[in-house]
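Trainee: I need the structure of the sequence given here:
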Amino acid sequence: GGGAAAARATFDLETAPVDFADAQQKLEAAVASLREELSRFRTGNVTPDILDRVRVTLTDGSEAALSALGQVRVKDAQTLLFTAFDPQTAAAAETAIQESVLKPDVVRDNATVRIMLPKMTKEVRERMAKSAKQVAENNKSRIRAVRTKVLKRIKASADTSSKDDIKKMEQYLQNLVDKAVGDVDTLTAARVKEITQA
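Mentor: Next up is the predicted model:
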């Protein structure tokens, strides 16, 4: 896309009645969140890092990364083994793994959790691709919410801003939004391709 063109304002950003830096930050956060979520979808054989983002809620209500509570190793192309450092946390880890985006079959034996992931059949790939697109839609909703909020602020500044400036601010906002939506589409298309063709 026209990254450089999109970022240039034809009005004075410093004195604008709207905090565009904040808006841009929120739009970029939505894209970053999408990138993070898409990376959780697996594309081929299982590797320990597909569990990197699993968060475990412990009995005292605190949260910890799965990797902080034990060791994950590969058993075979479809199976991972998680061994908890402290057997007391194994049940909580089992629950967190089960509820993760991977939706694996899980069997626990004391401190060890066996994680069996479905074979990457065409159906599994299609289901994952569909989930990835849903994640993208959720992030586009966040982007639209930012746009709506900022547009309201621009319109509310009609008393102090010229019609021309309002038009320019609306256009500038639209450029920021278009860039964010474009990034979401690009990231999602690339990940869906990886999921379906791996």
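
Trainee: make it CA atoms for all contacts and neighbour counts henceforth
Mentor: Noted.

Trainee: which residues touch residue 56?
Mentor: Residues touching residue 56, when contacts are defined by C-alpha atoms under 8 Å, 6 or more residues apart in numbering, comprise 63, 64, 65, 66, 92, 93, 95, 96.

Trainee: now the first one: how far from residue 93?
Mentor: Put plainly, it is residue 63. For residue 63, the distance to residue 93 under the criterion C-alpha to C-alpha, to the nearest Å works out to 11 Å.

Trainee: ok, residue 135 touching residue 39?
Mentor: No. Using C-alpha atoms under 8 Å, residue 135 is not in contact with residue 39, being 11.3 Å away.

Trainee: more crowded one of those two?
Mentor: Here residue 135 and residue 39 are compared on neighbour count by other C-alpha atoms under 10 Å; more neighbours surround residue 135, at 18 against 14.

Trainee: does that one count as helix, strand or coil?
Mentor: helix (DSSP: H, G, I helix; E, B strand; the rest coil).

Trainee: again, but for residue 103
Mentor: Remark: residue 103 carries the secondary structure label coil [criterion: three-state DSSP].

Trainee: please tell me how far it sits from residue 174.
Mentor: Where residue 174 is concerned, residue 103 sits at a distance of 38 Å (C-alpha to C-alpha).

Trainee: which of residue 63 and residue 93 has more residues huddled nearby?
Mentor: residue 93 (29 against 11).

Trainee: how near is the more buried one to residue 131?
Mentor: The gap separating residue 93 from residue 131 is 23 Å, by C-alpha to C-alpha.

Trainee: with residue 112 instead?
Mentor: Using C-alpha to C-alpha, we find residue 112 at a distance of 29 Å from residue 131.

Trainee: show me which of these two is the more surrounded one.
Mentor: More neighbours sit around residue 112 than around the other of residue 112 and residue 131, counting by other C-alpha under 10 Å; the figures are 21 against 16.

Trainee: just give me the neighbour total for the nearest residue to that one once chain neighbours are set aside.
Mentor: With C-alpha to C-alpha, 6 or more residues apart in numbering as the criterion, residue 112 has its nearest non-adjacent residue at 4.4 Å, and that residue is residue 83. For residue 83, the number of neighbouring residues by other C-alpha under 10 Å comes to 21.

Trainee: output the below-cut-off pLDDT ranges for the chain.
Mentor: 1-9, 198 (pLDDT under 70).

Trainee: tell me who's in contact with residue 21.
Mentor: The contact partners of residue 21, by C-alpha under 8 Å, 6+ apart, come to none.

Trainee: the helix or strand containing it: which residues count as buried?
Mentor: Secondary-structure assignment from DSSP states H and E places residue 21 in helix 20-38. Of the residues in helix 20-38, those buried under the neighbour-count criterion (16 or more other C-alpha atoms under 10 Å) are 20, 23, 24, 26, 27, 28, 29, 30, 31, 34, 35, 38.
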